[in-house]
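> pasting the structure only:
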């Protein structure tokens, strides 16, 4: 499949906790599944791991375990993704503004890999993070996407682009 959008973990987490809880908006979760089946949206394996921590389970974790993992959560160990990741890692470590702890955290979580995967596939990242180019303590996905010419939108922009209607 040739997907168009790669979802960050915070899309799932914030939807579950704040905007579209399973018991109130099951149609949202059905829409996500439908868009994945159509080959429109997907995510990466490190996001799956963030959504399924060994320390606990919740409704979101249970939902992700029902999904077709190989279609929903793509591997990041392919050569193209790893080449993009190396470029992002080099840029991150050379960046003069960010503190070392911010650099280490960014490269340790799924954020850097979601950008690398999107860059290698030529697709759009979907995240709820907001740009903060002057931050020293946290590297934000939209700022790195801008640096590497990777399109980046938020969930509402995705919903509007795909013309979803929840009725």
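Structure's in. What do you need? From a predicted model like this one, the values you see are computed outputs, not experimental measurements.
> At which residues are the strands of the protein located?
5-7, 41-44, 73-74, 124-126, 152-153 (DSSP state E).
> wait, which of the ones you listed is closest to residue 85?
Of all the strands of the chain, strand 41-44 sits nearest to residue 85, with 11.2 Å by CB to CB. In this view, the C-beta of every residue, glycine as well, is placed from N, C-alpha and C.
> quick one on the thing from earlier: want to throw the strands of the chain into CSV with mean pLDDT?
As requested, those are exported to CSV (pLDDT from 0 to 100):
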stretch, mean pLDDT
strand 5-7, 98
strand 41-44, 98
strand 73-74, 97
strand 124-126, 98
strand 152-153, 98
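> other SSEs contacting the top helix by length along the chain?
If you go by DSSP state H, the chain has its longest helix at helix 79-94. On a contact count with 3 or more CB pairs under 8 Å, 6 or more residues apart in numbering; DSSP states H and E, helix 79-94 meets helix 100-108, helix 110-121, helix 141-147.
> give me the low-pLDDT residue ranges for this protein?
For the chain, the stretches with pLDDT under 70 are 1.
> at 80 instead, please
1, 55-56, 167 (pLDDT under 80).
> that older thread, what angle sits between the longest helix of the chain and helix 110-121?
130 degrees (axes from the mean of the first three to the mean of the last three CA atoms, to 10 degrees).
> Now do residue 38: how many residues are near it, please.
The number of residues packed near residue 38 is 12, by other CB atoms under 10 Å.
> Any figure for the gap between it and residue 142?
According to CB to CB, to the nearest Å, residue 38 stands 26 Å off from residue 142.
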